[in-house]
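Engineer: below: sequence and its predicted model.
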Protein chains: 2
Amino acid sequence: MAKQQQQPQQSGNDAKGIATRAADYSQWYLDIVKRAELAEHSSVRGCMVIRPQGYAIWEKMQRELDDRFKATGHVNAYFPLFIPLSFLAREEQHAAGFAKECAVVTHHRLKTIDGKVQVDPDSKLEEPLIVRPTSETIIWNQYKGWIQSYRDLPLLINQWANVCRWEMRTRLFLRTAEFLWQEGHTAHASEQEAREETHRMLGVYADFAENVMAMPVVQGAKSPGERFPGAVESLSIEAMMQDGKALQAGTSHYLGQNFAKSAEVQFLNKEGKLEYPYATSWGVSTRLMGALIMTHSDDTGLICPPKLAPIHAVIVPIFRKDDEKAKVLPACEALQQELRQAGLAVKLDDRDLHPGAKYYEWEMKGVPVRIEIGPKDLEKDSVCLVRRFVIEQPGESEDDRRKRKKSFIPRGEALAQIRGLMDSMQKELFQRALAFRESRTRVIDTLDQFEAFFKGDGGFAWVHWAGNAEQEEELAKRFETSIRCIPLASQIPDAARGAGTCILTGRPSAQRVVMAKSY
Amino acid sequence: MAKQQQQPQQSGNDAKGIATRAADYSQWYLDIVKRAELAEHSSVRGCMVIRPQGYAIWEKMQRELDDRFKATGHVNAYFPLFIPLSFLAREEQHAAGFAKECAVVTHHRLKTIDGKVQVDPDSKLEEPLIVRPTSETIIWNQYKGWIQSYRDLPLLINQWANVCRWEMRTRLFLRTAEFLWQEGHTAHASEQEAREETHRMLGVYADFAENVMAMPVVQGAKSPGERFPGAVESLSIEAMMQDGKALQAGTSHYLGQNFAKSAEVQFLNKEGKLEYPYATSWGVSTRLMGALIMTHSDDTGLICPPKLAPIHAVIVPIFRKDDEKAKVLPACEALQQELRQAGLAVKLDDRDLHPGAKYYEWEMKGVPVRIEIGPKDLEKDSVCLVRRFVIEQPGESEDDRRKRKKSFIPRGEALAQIRGLMDSMQKELFQRALAFRESRTRVIDTLDQFEAFFKGDGGFAWVHWAGNAEQEEELAKRFETSIRCIPLASQIPDAARGAGTCILTGRPSAQRVVMAKSY
């Protein structure tokens, strides 16, 4: 056993527990981000470091999204990081919306003065440059040269990039001064086509959220106060986290002709007349990592849906003596090879650590399946599979649940069983998240009910609303809630359909909105 | 014909010619970048826009490189865009090397003052932030928390990112204020291991350059004056462009313990003693796009090696009347489908344009193969394949060469023939570039020969050199040449092996170096 008694471990992780969701939800989130080695703070205020474990998940997200963008006719391009101050200022609402979050480049050289490296005062730029908080203005300035005729439309472009929004209160993945994202920027010959694009891309995001992230979302329009600065209409997908709060996970904006006008882009339409093109923009960011963590994970660590798991299964060899090791390790290697050849991402963890430390680490990191192989398994020609999670049964003991996670199967069935687990675990995660959301969703008709709901556990409240912006703010002050979205017709459950009266003002309302506390 | 007489065209391209290499090499390069729609200048001084046609090639480069990085055990991560001024200043040489090219963020807010959006003077940062010109300092500061013991090593990390080096004289892809790149940053427990890594990654770059870009390279060490600021040794791959100049296409640096020391990173080695880890860094950038263009393209436009071509083949339907169109188009669609199912990227160009305009456009954009299908081809059950290039034969007429590009083949053989063309064209491009380099390479023993060579066409001169830095500069002033590299032993052709005497000083020299004019 000597070898296995060495200290854990390579990764800087240790065997301490993490906060539970019930005890301290906020700390639980930070603990997982840290202990699953997904991200950490850097020495630059508000800027995060995405660690390899986190970046590997983000890469899988990127691939899935990029494939969907290309399948809907989009191509990628790259535009400058810097935006001249005057460009940002062209669209008034847009400038006002981002003014307080702008990192500004003012100089372009350093110099050693009095033995100290300093900003060279003689290198001041004629015009300050903003580190892009979003790229509408710089991209539309470029589109000017690309769009002359209706034949140049639609222009369907996406950019993968970093952006910077100077935030005072940051939170890893959810709100950081710099983050990674994609931003689609399209130009169309008609309003209808642009509006269709806005909805198409919202649909792409919803499909990705539900079928890849296993995260159910409500699709809807933002209220005027929550619109993207410069947009005519903003759509979003809203997901419910395990604390019942809403998280805006992606947005798709119909920009009308605002940015075309401010950049003076016109095209000759089929009738031979000059017209401003109609624009959309849409984006998702590394914020999705936060959404992923808070949708599925438990008090043992990260839970990652198989479709986004960088490692599908980890093999842990079990042995006490060298002669056992000599038999067990080759069997593990053979299984790894078989599974890899079948396209599964499999890691054989043959480090000199106690198996328990390995279980702990890979559970923390969210690997969907653990495969244990020891001398007894070899004798029986079986392997032991341990799922990262099972759906909770009411009244079940911890011990019973642990047993349900574990199964001994014939070695020959390993590949098929693991493949089956990937499918079923993906589906179960979505079902579990959906069931949770339903358990925390209420159709609410009075302010008293509303108050009771949000003074309790809270969640998504489907309510009729006809208040003005001030009344919306009043509600926000009392309950910390806001209109998350005005759901699309397709999103409204039967029990919430139809017209009614506003819970606050009693005025008539055509359809219910979703109100919730939010990130 | 009416439909086909419409004006070209969607893309803003027109039918004017481009400069020839012989007449104006520099303009020829810019014309291709523009007319193949690869990139263009933005309104931000020195920053380029990578257009979809160019970005699609860059994406294929990224995928090929990323696969190679992962196959050699590296993982991706992401570090902040901003570097505190004090971090950069920690490593003296490093700071001095980049001081003149730094974009500096000094403020974090805008404000409307006197009705005008301006930088808010009250938002000045306590410490200025540098937009990363490279990330050694910020990454090593983070490694401090990741490296405690020899068990944490090697740490093999790569980052895909944008970087900023404020350049006064810019040139699309080759030298821009912002560019895209990858930077590997590794930490090792021994000098030997780190040096091996430096060479391993240089080998990865050489493999990519030669086998994917079809661009022959010389691998070697940079002379002390050309080292990366802060490196102990810098290796590079050097390619020859069609004007005979060298282009440094990738670098791999052994950094010793310099950055570990300045960031105060230490690890407990196997002997239980504290030691500074040994570092490497290595990178290639969108500069490779410039190298690609200048290695293969001709006076008709871009030539893209099949392995990096976003479109392998374009199908152009040929017809005059509607009844012909009705037969030809379905045949084109069927062929497109067959080729796509076989994994080829195929575009059917069914726009209402004259075929000649399409030929012109796709040749300009470097699509390796054009497939023409008209009524006569249908009758004969054949298709016409036109290669983007053939290797020039001495004394051949333009017309003869055009004929050699074209072949009529049975329809049933299309897939096999096109696949074969992809392989053979890839190889031919490498062979052509290698033959060109050899034709412009000389083993030179005297200063007179050297002068004659560089007053003539010039190219790569293999010379013995034992001069000092001042003498190197003297040579640079007279001939605009520099030591491109001190080639690795494996790179030295037989005719250039062995010791000799310096062409300038007559002092003994152990091996020849490669001198050339350069980008």
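Structural biologist: Right, received. Where do you want to start? Numbering: from 1, shown residues only, chains lettered A, B, ... in the order given.

Engineer: what comes up buried for stretch A:255-272?
Structural biologist: A:255, A:256, A:257, A:258, A:259, A:260, A:261, A:262, A:263, A:265, A:266, A:267 (16 or more other CB atoms under 10 Å in any protein chain shown). Every C-beta, even on glycine, is put in place using the N, C-alpha and C of the backbone.

Engineer: keep only those of those that are in helices.
Structural biologist: Per DSSP state H, helices hold the following members of these: A:258, A:259, A:260, A:261, A:262.

Engineer: the third one contacts residue A:277, doesn't it?
Structural biologist: Meaning residue A:260. Yes - with contacts counted by CB atoms under 8 Å, residue A:260 reaches residue A:277, the gap being 5.0 Å.

Engineer: common neighbours of these two, please.
Structural biologist: A:143, A:187, A:266 (CB atoms under 8 Å, 6 or more residues apart in numbering or on different chains).

Engineer: so who does the last one touch?
Structural biologist: Under the criterion of CB under 8 Å, 6+ apart, the neighbours of residue A:266 are A:147, A:260, A:274, A:275, A:276, A:277.

Engineer: what ranges do the strands span in the stretch 301-450 of chain A?
Structural biologist: Shown for the stretch 301-450 of chain A, the strands assigned by DSSP state E, counting those that start in this stretch span residues A:313-317, A:346-348, A:369-373, A:382-387, A:406-410, A:441-443.

Engineer: what's the answer for the stretch 51-200 of chain A, then?
Structural biologist: A:75-76, A:82-84, A:104-107, A:110-113, A:116-119, A:124-131, A:155-164, A:178-188.

Engineer: just give me the closest of the buried residues of stretch A:255-272 to chain B.
Structural biologist: residue A:263 (10.3 Å; CB to the nearest CB).

Engineer: you'd agree the closest one is up against residue A:145?
Structural biologist: No - applying CB under 8 Å, one finds residue A:263 not in contact with residue A:145, separated by 10.7 Å.

Engineer: if I look at the residue nearest the centre of chain A, how far off is chain B?
Structural biologist: Taking CA atoms, centre = their mean, the centroid of chain A lies closest to residue A:288, which sits 0.8 Å from it. Relative to chain B, residue A:288 is positioned 14 Å away (CB to the nearest CB, to the nearest Å).

Engineer: ok, that residue - contacts?
Structural biologist: Residue A:288 neighbours (CB under 8 Å, 6+ apart): A:61, A:213, A:249, A:250.

Engineer: tell me how many other residues crowd the residue in the stretch 151-300 of chain A that chain B sits nearest to.
Structural biologist: Nearest residue of the stretch 151-300 of chain A to chain B: residue A:166, at 4.4 Å (CB to the nearest CB). Other residues near residue A:166 come to 23 when the count uses other CB atoms under 10 Å in any protein chain shown.

Engineer: how's chain A carved up into domains?
Structural biologist: Chain A resolves into domains spanning A:31-78+A:136-296, A:311-424, A:441-516 when parsed by automatic domain parsing.

Engineer: which one of these is the most hemmed in?
Structural biologist: The highest average neighbour count among these, using mean count of other CB atoms under 10 Å in any protein chain shown, belongs to domain A:31-78+A:136-296 at a mean of 21.

Engineer: average model confidence for that domain?
Structural biologist: Across domain A:31-78+A:136-296, pLDDT averages out at 97.

Engineer: distance check, residue A:379 against residue A:471.
Structural biologist: 72 Å (CB to CB, to the nearest Å).

Engineer: ok, the nearest residue to residue A:140 once chain neighbours are set aside - contacts?
Structural biologist: Computed as CB to CB, 6 or more residues apart in numbering or on different chains, the closest residue to residue A:140 that is not its neighbour in sequence is residue A:263, at 3.9 Å. By CB under 8 Å, 6+ apart, the residues touching residue A:263 are A:90, A:137, A:140, A:141, A:143, A:144.

Engineer: residue A:208 now?
Structural biologist: With CB under 8 Å, 6+ apart, residue A:208 has these contacts: A:61, A:64, A:65, A:68, A:284.

Engineer: surely the second one meets residue A:307?
Structural biologist: Okay, so that is residue A:64. Yes - using CB under 8 Å, residue A:64 is in contact with residue A:307, at 7.4 Å.

Engineer: what is in contact with these two at once?
Structural biologist: Contacts common to residue A:64 and residue A:307, judged by CB under 8 Å, 6+ apart, are residue A:212.

Engineer: on that earlier part again, looking at the contacts of residue A:263, which is nearest chain B?
Structural biologist: residue A:141 (5.7 Å).

Engineer: tell me how far the residue nearest to residue A:36 when sequence neighbours are not counted lies from residue B:342.
Structural biologist: Spatial nearest neighbour of residue A:36, excluding adjacent residues (CB to CB, 6+ apart): residue A:302 at 4.2 Å. In this view, residue A:302 and residue B:342 are 40 Å apart by CB to CB.

Engineer: pick out the residue of the stretch 351-500 of chain A closest to chain B.
Structural biologist: Taking CB to the nearest CB, the stretch 351-500 of chain A has residue A:351 as its residue nearest chain B, at 8.9 Å.

Engineer: tell me which residues are up against the helix or strand containing residue A:461.
Structural biologist: Element membership of residue A:461 [criterion: DSSP states H and E] is strand A:460-464. Strand A:460-464 is contacted by residues A:218, A:240, A:244, A:246, A:437, A:440-445, A:450, A:453-454, A:481, A:484, A:492-493, A:495-496, A:499-503, A:509, A:511-516 when judged by CB under 8 Å, 6+ apart.
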